[in-house]
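Novice: here's my sequence, what's the structure:
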Amino acid sequence: MKFARIASSEALDALFPLVDEDISAVARDEAVAAEVAEIDALIEEMEREWAAAERVEAFRISRELTDEVRARRTARRAAQQALRSLPVRLDAVTGEAA
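Specialist: Okay, here's the model as predicted:
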């Protein structure tokens, strides 16, 4: 028995799109096109977010360069935060509790 014969017409109607090569090729092409479109949309969305973040960062940097008081304050806060986290980091390395 080389070829199977489907006796049920309902089963034949349901399985025909799966076994016909032309229909399955079109379905695969549509699935690939939909996936590519979704990926392109995600890429465009991320590029917009990165551009917006870059604009915000460029504005912030330009303000920091022109605002000496804010720049000193930011540097001092960063140094204080690093010093505050130092005992926690040392405890994590040595395994001792404070």
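
Novice: what packs against the helix or strand where residue 22 lies?
Specialist: If you go by DSSP states H and E, residue 22 is part of helix 21-66. Here helix 21-66 touches helix 9-19, helix 68-94, going by 3 or more Cβ pairs under 8 Å, 6 or more residues apart in numbering; DSSP states H and E. Where you see a C-beta, it was placed from the backbone N, CA and C, and this is true even at glycine.

Novice: the longest one - contacts with which helices or strands?
Specialist: Using 3+ Cβ pairs under 8 Å, 6+ apart as the contact test, the elements touching helix 68-94 are helix 21-66.

Novice: quick revisit: quickly, which of the helices and strands packed on helix 21-66 bottoms out on average pLDDT?
Specialist: Between the helices and strands packed on helix 21-66, the lowest average pLDDT goes to helix 9-19, which shows a mean of 70.

Novice: distance of residue 70 relative to residue 76?
Specialist: Computed as Cβ to Cβ, to the nearest Å, the residue 70 to residue 76 distance reads 11 Å.

Novice: repeat that for residue 86.
Specialist: Separation of residue 86 from residue 76 (Cβ to Cβ) stands at 16 Å.

Novice: look at residue 70 and residue 76 and report which has more neighbours.
Specialist: residue 70 (13 against 10; other Cβ atoms under 10 Å).

Novice: fine by me, thanks again.
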